[in-house]
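[1] Coordinates for the following, if possible.
(2 chains)
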Amino acid sequence: MSNVILRAEHISKSFYGNKVLDNVELSLEPGKVHALCGENGAGKSTVLKIITGLYTKDEGEIYLEGKQIEVPNVDVAKKYGIHVVPQEMQMLPELSVAENIFLGNLPRTKSGLVDWKTIYSKANEVKAMLGKAGDKIDIRQKAGELGMGAWQLIEIMRAFTSDNIKVIAFDEPTSSLSDNEVEVLFDLIRGLRAKGLAVVYVSHRLKEIFQLCDQVSVFRDGHYIGTREVSEIQTSDLIAMMIGRDLNMFGDANPGADVQAEVALKASNYSHGRFYQNINIEVHKGEILGMYGLVGAGRTEFVRGLFGADPKDSGELEIFGKKVNIKIPRDAIKEGIGLVTEDRRGEGLMLIQAIKWNLSMTNFPAITGGLGMLDLKKEKEYAAKGMDIFSVKATGIDQVAGGLSGGNQQKVVLAKWVLADCQILIVDEPTRGIDVGAKAEVYAALHDLAKQGKAIIMVSSELPEILGVSDRIVVMCEGRQTAVLDNKNLTEEDVIQYAFSK
Amino acid sequence: MTKKLSRDARQNIVILSVLVVAIIIFSVISPYFLKWDNIVAILIAAVPLGLVAISESTCLMIGGFDMSVGYVACFSGIIWTTLIASSGWPTYAALAVALLFGLASGILAGLSVGALNMPPWMTTFALMNIWQGCVLIVTKGEAVRMTKFKAFKVLGQYDMLKTGVTPMVLILVLAYVIMYLVYKFTKLGRELYVIGGNPEAAKNAGINIVRGKIFAFALSGFLAALAGALFASRSGSGQPKVGGMYAMQGIAAATIGGSKAGKTNLAMTFVGAVFIMTVQNGLNMIQVPAFYQYITTGVILVLAILVQTEKKK
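    Residues are numbered from 1 along each chain as shown, chains lettered A, B, ... in the order given. I've put the predicted structure just below:
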């Protein structure tokens, strides 16, 4: 290990009194792509942010080429040659690509005015360093006209403007990219590796680690588990390191076993403009109905229409055989329907308030006594129960929801509906962006609810999840319902063929 | 191991410490500052601001604010005094009309913001202008003189138990206690937090957002009218030029108290109101010229709000 360029030792960090990193370490070698891997909340992003100056560490040492350094902020990190392409990119959409590249660092002429000539010539130089990937970018174009993939390239070009690049770190770079853009990015990262840079790569997608990375360090619950050469391990080894146990992800699903005869929800002829047309579904008590389709197939719009969160043009709804008219979410909740939306931070949680308040928002009837007075004792009991059902990892029911990891936030959102005791639960991408451990817990909870006789509609873009969890599967394509399949001996191909337009 | 204080608690301690330091400085320079009479004077002066601070705290909590409180207060005082002095109404019937006016103005603002989705800024700014115009039309810019009317002055001037404390202070305390209980213990109060904390989540949880917003603005208008009435009773006249700074000072007090969308703290909002009045009173006491008082008040407010501002991790 003589070839180490950056080494971090005994790193610890706490948020809100929650220890998120406990005595972890990391060694980076030049010319290697080093993956940081672990469940959500395991601490991998925090490690990246500490070595690149986005966060400051509470304890520990960082050595660059053997010399101890401190990186209190991103600017200092850059001076040491440590650069980061953050997950949340800082871009001014109304400014040109070139201006964004030199943001905060615009070259000036002697008289102190902005030196446009140098900006454009230098921007073209760094663009050339991208190689083929830069072809589609015009440096005079507004950043706002470009997609996420191009924004990432702009972030990378920002790093290239420095004369000193030793380490470059990517935080979940592919989470918002299309397949084509991912390929472009991977080629670029391989190029960086060939130039002898040490690349740090954080991703949820295990596949990518095997495609791209040379080494992988695994973290679990804020602890350092170990570092392996990627060529020497298998996916299953990696998962075992990440969760510390064997995992049957989807639970012991026996499709159809819990499904009862009674129909809980029947929607007929649901249409809304160009979003979806003539959708007909039936969900039984105890059934998990999967809704699969590509992005833009209209599934989210349809379930939001069912719930009254968005308007619809037409459609009849029967709940337990009774005709109902749902115009707004309040109507749906009265009928015992709950919706876990796709965007949990934006639509599901009060981030600045305590977990218990978040759990109460759908649950007022149960904790409200006479005269509209809240029963705070009951609220606490309910909150504790909700945390328990989904084993939410937090310091307590008073912890602020914004301080939780993504997986735990999702558990809180699910718990608030389960506590509300709704009979029909609609979940839209329930495991997006959460780690395998939390995923398995969500699946187990969904199966539990089905066993209790609840009807569940699960919208998902992940086929393994659809096949692993659903009793029946509705497939949508471009706003139309293309298939209703019994989940018996289905393969991915059986389902996916209906998702593509013909 | 000692328990770590939450960020909120630490901020509140800083605000309280700044207040204590200010009090110490004022009392060292002016021996009169900490005399009972002066403390009572500060409290009484803080009553109208204290009430509109609840208004702003509530509106901030649901993600808005209310620019109209100053002229709702002003017009309320004018309605009360004019009905008594010019129309011969009984004191408390006239007061009821003034308070109903505030309530109506608030409901109007709440409907515009809640049901019609108009921006709070424009809506309440428009109302502010309308009520200011009404004040000038009714009074022609002159104070309504109330020297003859004794009952009118009870709320603001009656000396309870020879302490100098007048009923308006009790009304303020009562308003804070009631609203504290509403926020802590009622479903309606909690819904206000959710509406400001995440409007989409509130909608999807079946919470009646329009009702919540109407309630917040109606309460704001009502309390502003009450503030204006109490100020009139205290000053013994209907003043057409009072209230211009209420909205800004109320927002400042509520912000010092840590109120923002999805969050409020009434106890600290009260501290915020007292803070502002203490600084004004103290600067008078130590004879800082009026022009410099503006600057000093501004600087102190900036410092106080700095403490409340989120720091980047």
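
[2] Phi first, then psi, for residue 273.
    As the question left the chain open, I've gone with chain A. Taking degrees, to the nearest 10, you get phi 50, psi -130 for the backbone angles of residue A:273.

[3] my read: residue A:150 touches residue A:136, true?
    Yes. Using C-beta atoms under 8 Å, residue A:150 makes contact with residue A:136 at a distance of 7.1 Å. The way it works is simple: take the backbone N, C-alpha and C, and place the C-beta from them, glycine included.

[4] Nearest to chain A within the stretch 201-313 of chain B, name that residue for me.
    Closest residue of the stretch 201-313 of chain B to chain A, C-beta to the nearest C-beta: residue B:206 (3.9 Å).

[5] residue contacts, that residue?
    A:329, A:330, A:332, A:333, A:334, A:362 (C-beta atoms under 8 Å, 6 or more residues apart in numbering or on different chains).

[6] at 10 Å what do you get?
    By C-beta atoms under 10 Å, 6 or more residues apart in numbering or on different chains, the contact list for residue B:206 reads A:308, A:328-334, A:337-338, A:361-362, A:364-365, A:420.

[7] quick one: which of the residues you listed is nearest residue B:173?
    Distance to residue B:173 across the contacts of residue B:206 (C-beta to C-beta) is lowest for residue A:364, with 29.3 Å.

[8] now that closest one: how far from residue A:477?
    Between residue A:364 and residue A:477 the computed distance is 39 Å (C-beta to C-beta, to the nearest Å).

[9] Confirm for me that residue A:449 is in contact with residue A:288.
    Yes. With contact defined as C-beta atoms under 10 Å, residue A:449 reaches residue A:288; the gap is 8.6 Å.

[10] From residue B:102, how far out is the residue of the stretch 201-313 of chain B closest to chain A?
    Relative to residue B:102, residue B:206 is positioned 30 Å away (C-beta to C-beta).

[11] Just give me the residue right at the centre of chain B.
    Centroid check for chain B by C-alpha atoms, centre = their mean gives residue B:52 as the closest residue, at 1.7 Å.

[12] Go ahead and confirm that residue touches residue B:73.
    Yes. At 6.7 Å, residue B:52 counts as touching residue B:73 under the criterion of C-beta under 10 Å.

[13] Find residues that contact each of the two.
    Common contacts of residue B:52 and residue B:73 (C-beta under 10 Å, 6+ apart): B:223, B:224, B:226, B:227, B:228, B:243, B:246, B:247, B:250.

[14] Please produce a markdown table containing those residues, extended by neighbour count, secondary structure and distance to chain A.
    As requested, the shared contacts of residue B:52 and residue B:73 are exported to a markdown table (neighbours: other C-beta atoms under 10 Å in any protein chain shown; DSSP: H, G, I helix; E, B strand; the rest coil; distance: C-beta to the nearest C-beta, whole Å):
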| residue | neighbour count | secondary structure | distance to chain A |
| --- | --- | --- | --- |
| B:223 | 31 | helix | 20 |
| B:224 | 36 | helix | 24 |
| B:226 | 29 | helix | 23 |
| B:227 | 35 | helix | 26 |
| B:228 | 34 | helix | 29 |
| B:243 | 28 | coil | 32 |
| B:246 | 29 | helix | 27 |
| B:247 | 26 | helix | 24 |
| B:250 | 36 | helix | 22 |
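
[15] want to throw those into a markdown table with pLDDT and distance to residue B:58?
    Output for these, formatted as a markdown table (pLDDT from 0 to 100; distance: C-beta to C-beta, whole Å):
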| residue | pLDDT | distance to residue B:58 |
| --- | --- | --- |
| B:223 | 98 | 8 |
| B:224 | 98 | 11 |
| B:226 | 98 | 14 |
| B:227 | 97 | 14 |
| B:228 | 97 | 17 |
| B:243 | 85 | 18 |
| B:246 | 92 | 15 |
| B:247 | 93 | 13 |
| B:250 | 94 | 10 |
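
[16] List just the nearest of the residues you listed to residue A:382.
    The shortest approach to residue A:382 among these belongs to residue B:223, at 32.8 Å (C-beta to C-beta).

[17] Pretty sure the closest one sits against residue B:49.
    No. With contact defined as C-beta under 10 Å, residue B:223 does not reach residue B:49; the gap is 11.1 Å.
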